[in-house]
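J.: Provide a 3D model corresponding to the input given below.
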Amino acid sequence: MPETLTIPRSSKDEIDGLPYFLRMCHKVRLHAAGELHEDYHSNLGRGLDLWTCQLLQVAYEDLAAYLVESGADDRAALDWCYENGTKPESPVKDWWCSYVRNRGFKDDLSEKLEMRKQEAGLAHRDDIVSFLDFMDAEEGW
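T.: Predicted coordinates for the structure are as follows:
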């Protein structure tokens with residue numbers, strides 16, 4: 001990735017025990033401000049963005065609009081999701097968090113993770129075993 005872009009925060013940063021939500025909110029804000037590198041544009045609302053919104057039972061477009069229009073901070077955005085969607089509890093929340101933290105580890109996306117590592121020049125990194133690990137390594141977190 002080019003060094004001149006604004007890197008979204010780490011996908012491993014958590015709020016209320018949820019990984020990735022903070023990164024998704026950061027990407028929305030960067031995109032709205034015209035500061036999100038185009039490499040990220042095609043996945044807005046897809047992949048982990050989509051899965052996170054599905055867990056919270058809110059539409060990505062609605063959450064993005066709320067963030068941009070209200071200027072809400074991360075806590076307010078999560079509270080909005082809980083009020084307009086659902087607040088997942090155990091065991092659903094626990095399962096989802098484990099799923100997201102381990103996506104790419106010995107599952108149907110393992111080959112894709114290895115391909116992405118190869119493309120990024122990170123094939124030698126045995127510590128990268130999930131897509132969250134990969135995003136952090138590729139972006140220098």
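
J.: use CA for all of it now, contacts and neighbours both
T.: Will do.

J.: can you get me the start-to-end distance on stretch 77-90?
T.: Start and end residues of stretch 77-90 are separated by 21 Å (C-alpha to C-alpha, to the nearest Å).

J.: check stretch 26-39 too.
T.: 15 Å.

J.: with stretch 30-50 instead?
T.: Start-to-end span of stretch 30-50 (C-alpha to C-alpha) is 18 Å.

J.: give the buried residues for it.
T.: Leu30, His31, Leu36, His37, Leu44, Gly45, Leu48, Asp49, Leu50 (16 or more other C-alpha atoms under 10 Å).

J.: check stretch 101-120 too.
T.: Residues of stretch 101-120 classed as buried: Arg101, Asn102, Arg103, Gly104, Phe105, Ser110, Leu113, Glu114, Arg116, Lys117 (neighbour count, 16+ other C-alpha under 10 Å).

J.: please list all residues in contact with the nearest residue to the second one once chain neighbours are set aside.
T.: The reference is to Asn102. Counting by C-alpha to C-alpha, 6 or more residues apart in numbering, the nearest residue to Asn102 once its immediate chain neighbours are dropped is Ser130, at 5.3 Å. By C-alpha atoms under 8 Å, 6 or more residues apart in numbering, the contact list for Ser130 reads Arg101, Asn102, Arg103, Gly104, Phe105, Leu113.
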